[in-house]
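In: Predicted model, plus sequence, below.
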Amino acid sequence: MPSLRLENVSKRFGGLTAVGDVSLTVPEGTITGLIGPNGAGKSTVVNLITGMLKLTEGRIVLGDEDIGEIGPEEVVRKGIARTFQNIRLLPEATVLENVLIGFHRHETASILAGLLNLPSVWREGKALRKQAEALLERFRMSDYADLPAGGLAYGHQRRVEMMRAVASGPDVLLLDEPVAGMNDVEADELGVIFKDLAASGMGLLLIEHNVRFVTKLCPVVHVLNTGRMIASGPAEEVMRDPAVITAYLGKGQA
Amino acid sequence: MMSYYQAYQPIIDFFLLNLGFAYSQQVALRAGVFSVATAGFGALGAYASAILVTRMGISPALAIATATLVGTAVGFLLSVPLARLRGVFQAIATLAFVEVIVSFLYYAEGITGGAIGINNIPRMVSTPALLAAVAAVMYVTWAIGRSGVGRAFDALRQDETVAACLGVSIRNYHALAFVLSGAIGGLFGGLQSLYVFSIEPGQFGFGFMVAILTAIVLGGRGTLIGPVAGCAILALLPEIARPLAENRPLVNGVILIAVIIYLPQGVGDGLLLQWRNRRSARRARAIEEASRAVP
């Protein structure tokens, strides 16, 4: 699977530099951490990668293809999926339907076949349903398949969003604060799934506040502060970096 | 039985015609497109088939097929400039489209007969033809619901950003919604003009638009049964409330408000949703009890 590279990426909103000169790599088969205090520009990085925001400067490369200039719909088709910091499910749809829409980019039946309900459509629908059910099994959500997603508990909604992202079969998965608001047990359960996904060759970019969680999962951690990369490297080293401690705890705490 | 049928046949026929227009309106709303262009598509289809039949002597089947094609083409053309508009702006733009069409029908007297319209249309459409057309449209609507197209529409309606992030092409699917709405609108416009003997521009104005939109608000915008429920209420209401005939707009208004307050998803969708929620509440309770049983 191709790896994702950000080269000197910048985003300015008028005079404000939300992200300045950020470079990082999300190699295949690993979980890369991206941490930083509130307003550091973490979510902006995700929005830049997924094409929801336009780059001011720099390059975003997947494998050897420049994907910096394309819109969100194409970015998915190149193999990048994301979750949202504030969960965004399709509230009226059931859990299973939420996961099914994740397979959209793999659907091959033509629109005309869909309008006429030709056999190719129901064959494909059946196959997708099977895959979706397997995914529910993997995330231990099978019991909830037919419940409306909007009514689920918070932690379960997070899982649905993740399943939907995984359903699109990405090479690179961007997780925007996936364990925010979860307790350690729930977070660790998800951590196991993330490790599994990485083991299957997927590259994960984990954006988090929960430093304990990140250091446990990520061999390499990047730290953003006010849009700049202030430290990169192995988790233990980065956590001892004075600049990181200052950014998180304020001056005079180190 | 037969005499009942004969007495109510016009009501049934108008119910079927309105049902077709309601599906044209519904398919747009389902994809998150707030279009009220159905009236415009219907007008174009009606005039196309009326002109073809009365002036060129073309067979009704061919005329209705042409009306469908006109609706389809105009639906696609309309989707291009409207691709960047959303919500209420889309509604205003499509409202303007309807007004432009109606004005055109008034002013292009040479082609459309102006305010007098076209009055010598033979009745060439009967109940079975209307039933067949409604069945075809219902089949397509049902098929959409079972396919990836329906999933893409539902995703677009509920959260466009999420849909885009899952690879759903907003532009293509919105265009598809306009095309389908146009095709169905054109088809039923064509059928209507070959049923009602005469057409004039006023039929397709604001009142028509509101009536179709009301059918969807009453019935529901998500399910196959929604438009049926909405159109049935609108068709039966005047019959049931005949003693209140003079106050019909008032009765319509009261019912609309009651539905919006108590069944905001519409009668059809609302009842279906209540049933689903009750079932899922039972499921959720069962899951909870099962997890409690495991020590």
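Out: Everything's here; your move. Everything numeric here is computed off the predicted structure, so don't read it as measured data.
In: what number of residues lie near the residue in the stretch 151-254 of chain A that chain B sits nearest to?
Out: With Cβ to the nearest Cβ, the shortest gap between the stretch 151-254 of chain A and chain B falls at A:Ser168, namely 6.0 Å. All C-beta spots, glycine's among them, are computed from the backbone N, C-alpha and C. Neighbour count for A:Ser168, taken as other Cβ atoms under 10 Å in any protein chain shown: 22.
In: Please apply the same query to A:Ile111.
Out: 17.
In: Could you do B:Gln6 as well?
Out: 9.
In: what do you get for A:Ser3?
Out: 17.
In: if I pick it, what's in contact with it?
Out: A:Thr25, A:Val26, A:Pro27, A:Glu28, A:Leu62, A:Gly63, A:Val172, A:Gly203 (Cβ atoms under 8 Å, 6 or more residues apart in numbering or on different chains).
In: Let me see the ranges of the helices in the stretch 51-200 of chain A.
Out: Listed in chain order, the helices of the stretch 51-200 of chain A (DSSP state H, counting those that start in this stretch) span A:72-78, A:95-102, A:111-116, A:119-138, A:154-167, A:184-199.
In: And the longest one, what does it pack against?
Out: Taking 3 or more Cβ pairs under 8 Å, 6 or more residues apart in numbering or on different chains; DSSP states H and E as contact, the helices and strands that helix A:119-138 lies on are helix A:95-102, helix A:111-116, helix A:154-167, helix B:127-146, helix B:148-158.
In: coming back round to it: tabulate the helices of the stretch 51-200 of chain A in TSV, adding columns for mean pLDDT and distance to A:Val45.
Out: Listed next are the helices of the stretch 51-200 of chain A as TSV, based on pLDDT from 0 to 100; distance: least, Cβ to Cβ, whole Å:
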stretch	mean pLDDT	distance to A:Val45
helix A:72-78	91	14
helix A:95-102	94	22
helix A:111-116	89	35
helix A:119-138	92	27
helix A:154-167	91	17
helix A:184-199	90	18
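In: Can you say which of these is packed in most?
Out: helix A:95-102 (a mean of 26; mean count of other Cβ atoms under 10 Å in any protein chain shown).
In: ok, and what's touching that one?
Out: Residues outside helix A:95-102 that contact it (Cβ under 8 Å, 6+ apart): A:81, A:89-90, A:93, A:128-129, A:132-133, A:135-136, A:141, A:144-149, A:152, A:160-161, A:163-168, B:151-152, B:154-155, B:163, B:166, B:168.
In: now swap in stretch A:27-36 and tell me
Out: By Cβ under 8 Å, 6+ apart, stretch A:27-36 touches A:1-3, A:24-26, A:42, A:45, A:171, A:194-195, A:198-199, A:201-209, A:211, A:214-215, A:217-225, A:235, A:247.
In: re earlier: closest one to B:Met56 among the helices of the stretch 51-200 of chain A?
Out: Nearest to B:Met56 among those is helix A:111-116; the distance by Cβ to Cβ comes to 30.4 Å.
In: helices and strands around the closest one, which ones?
Out: By 3+ Cβ pairs under 8 Å, 6+ apart, helix A:111-116 packs against helix A:119-138, helix B:127-146, helix B:148-158.
In: Just the buried residues of stretch A:135-154, please?
Out: Buried residues in stretch A:135-154, counted by 16 or more other Cβ atoms under 10 Å in any protein chain shown: A:Leu135, A:Leu136, A:Phe139, A:Met141, A:Asp143, A:Tyr144, A:Ala145, A:Leu147, A:Pro148, A:Ala149, A:Leu152.
In: if I look at the fourth one, how far off is A:Phe13?
Out: A:Met141 sits 38 Å away from A:Phe13, taking Cβ to Cβ, to the nearest Å as the criterion.
In: got the residues of the stretch 151-254 of chain A near chain B?
Out: Proximity of the stretch 151-254 of chain A to chain B (Cβ under 8 Å from any Cβ of the partner chain) is limited to residues A:Gly151, A:Arg164, A:Ser168.
In: Determine the three-state secondary structure at the closest residue in space to A:Ala199 that isn't next to it in sequence.
Out: Sequence neighbours aside, A:Gly29 is the residue nearest to A:Ala199 in space, at 7.1 Å (criterion: Cβ to Cβ, 6 or more residues apart in numbering or on different chains). Secondary structure, DSSP: H, G, I helix; E, B strand; the rest coil: A:Gly29 is coil.
In: Give me the pLDDT for A:Gly29.
Out: With respect to pLDDT, A:Gly29 scores 94.
In: What is the neighbour count of it?
Out: 14.
In: quick one on the thing from earlier: between the helices of the stretch 51-200 of chain A, which one is nearest to A:Asp241?
Out: A:Asp241 lies closest to helix A:184-199 among the helices of the stretch 51-200 of chain A, at 23.5 Å (Cβ to Cβ).
In: contacts for the closest one?
Out: With Cβ under 8 Å, 6+ apart as the test, helix A:184-199 has contacts from A:29-31, A:138-139, A:155, A:158-159, A:162, A:166, A:173, A:175, A:178-179, A:182, A:204, A:206, A:210, A:212-213, A:216-217.
In: now the angle between helix A:119-138 and that helix, please.
Out: For helix A:184-199 against helix A:119-138, the angle by axes from the mean of the first three to the mean of the last three Cα atoms, to 10 degrees is 130 degrees.
In: Near chain A, which residues of the stretch 1-150 of chain B? Just list them.
Out: Contact residues, the stretch 1-150 of chain B versus chain A (Cβ under 8 Å from any Cβ): B:Tyr139, B:Val140, B:Trp142, B:Ala143, B:Ile144, B:Arg146, B:Ser147, B:Gly148, B:Val149, B:Gly150.
In: Which pair in the residues you listed has the greatest spatial separation?
Out: B:Tyr139 and B:Gly148 (17.2 Å).
In: more neighbours, these two?
Out: B:Gly148 (25 against 14).
In: Check the burial of B:Leu234 by counting its neighbours.
Out: Neighbours of B:Leu234 (other Cβ under 10 Å): 22.
In: tally of neighbours for the closest residue to it other than its chain neighbours?
Out: Excluding its sequence neighbours, the residue lying closest to B:Leu234 (Cβ to Cβ, 6+ apart) is B:Ala215, at 5.6 Å. By the criterion of other Cβ under 10 Å, B:Ala215 has 28 neighbours.
In: and B:Ala215, what element?
Out: Taking DSSP states H and E as the definition, B:Ala215 sits inside helix B:206-219.
In: residues making contact with the following helix or strand past that helix?
Out: Next along the chain after helix B:206-219, taking DSSP H and E as the criterion, comes helix B:225-240. Helix B:225-240 is contacted from outside by B:11, B:14-15, B:18-19, B:22-23, B:25-26, B:211, B:214-220, B:245, B:248, B:251-252, B:255, B:266-269, B:272, using Cβ under 8 Å, 6+ apart.
In: and the one helix or strand A:Met229 maps to, what other elements does it pack with?
Out: Assessed by DSSP H and E, A:Met229 sits inside strand A:228-234. When contacts are defined as 3+ Cβ pairs under 8 Å, 6+ apart, strand A:228-234 packs onto strand A:16-26, strand A:220-225, helix A:242-249.
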